[in-house]
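Engineer: curious how this folds, go ahead:
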Amino acid sequence: MRAIEKILLLLDQQPPAPELIDKITLLARKFGARVELFESCYSRPLVSSHLFSSPEGIEKAKHGYLRGEERRLQQVADQLVELGVDASTDVCWEVDTEQGVLTKVERYQPDLVVKNCRFHHRLAEYLFGSLDWQLIRHCPVPLMLIRPQPWKTSPVVLAALDPLQDKHHPVMLDDEVLQSAESFVEHIGGILHMFHAYHTLPTSVIFDETLMLNYEDLRSRLADEHRQAITELLNGHGLAKAEPVLHLAHGEVNKELPKYAQQVDADLVVLGGVDRNTADRLFSGSTTESVVDHLQADLLVVRAPLQQERRRH
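Structural biologist: Model prediction:
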């Protein structure tokens, strides 16, 4: 997330929460961005209804349905305009909601896509739904998923880093995560925290007696290696002398990251999204889908610049 000039705000048929309006207004004002409200629409009852005796009748009904959704979005856009935001609307008719959104992203080329989280009545929590997960996997531009709690006056922004990339982790991804977190703090204000977790091999899987005897030394050297990698990353961003808030955790990311985010009361967690063949392996290192729903903060998923360019061409 570098300069933000265009924000695509995805809305569904639920009225937007006041916190969503507040956050999108703050983002648009601070970054000087314009906002386009968008909905990918489809009504199965309308299409399958026997009330319309001809294809022309169904088409008229579809256009009427879309006009109704346009009016609803325009009411929200008018609210944003009153708050000083340059806002417009757009709707489309698409059976596959994800495809409708991705087609809009390809056509509109936003710098940021923003979407709210849905309320899960059984759990009494706001969780990510199926469309959210599909966008986390496939959205080619930065994606912000917003929960309905306000940001603090000085938001806590947590950048989740993995400087020792594996084969699934693009070299430039950590730079993009850190730069996006820095950009947010620069424009919105707040405190930047950085997090990295590493996990040593358990003694049960080390069969070499020499390694067993030097296991503590192995752990110490591994910690030094990760600390050095983080230091080099911060040096590259001019943060080494700024004394940023850095937390190195020993353990699995999917357990340690939510724990630390709760500890510092994070408002926004920035993660690097990568393309994986398996649906449940989305982020750097050992981070899995399970970490995301355990985060109570808003989520910003960014991709490496090369991935973004590859998807746009």
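
Engineer: stretch 222-238: which residues count as buried?
Structural biologist: Neighbour counts over stretch 222-238 (16 or more other Cβ atoms under 10 Å) mark 222, 226, 229-230, 233-234, 237 as buried. (Each C-beta comes from the backbone N, C-alpha and C, glycine too.)

Engineer: mean confidence for that stretch?
Structural biologist: Averaged over stretch 222-238, pLDDT sits at 72.

Engineer: all numbers from here: first residue = 26
Structural biologist: New numbering, starting at 26: the last item is stretch 247-263.

Engineer: CA atoms of that stretch as CSV?
Structural biologist: The C-alpha trace of stretch 247-263 is given here as CSV (Å, rounded to 0.1, in the frame of the first residue of the first chain):
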residue,chain,number,x,y,z
LEU,A,247,18.7,-19.6,15.5
ALA,A,248,17.4,-16.7,17.6
ASP,A,249,20.5,-14.6,16.7
GLU,A,250,19.9,-15.4,13.0
HIS,A,251,16.3,-14.2,13.1
ARG,A,252,17.2,-11.1,15.2
GLN,A,253,19.9,-10.2,12.6
ALA,A,254,17.5,-10.6,9.7
ILE,A,255,15.0,-8.3,11.4
THR,A,256,17.7,-5.8,12.1
GLU,A,257,18.8,-5.8,8.4
LEU,A,258,15.1,-5.3,7.4
LEU,A,259,14.7,-2.3,9.7
ASN,A,260,18.0,-0.8,8.6
GLY,A,261,16.7,-0.9,5.0
HIS,A,262,13.7,1.2,6.1
GLY,A,263,15.7,3.6,8.3
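
Engineer: hmm, back to that, from the buried residues of stretch 247-263, which land in helices?
Structural biologist: Among the buried residues of stretch 247-263, the members found in helices (DSSP state H) are 247, 251, 254-255, 258-259.

Engineer: who are the contact partners of Thr122?
Structural biologist: Thr122 makes contact with 65, 67, 156, according to Cβ atoms under 8 Å, 6 or more residues apart in numbering.
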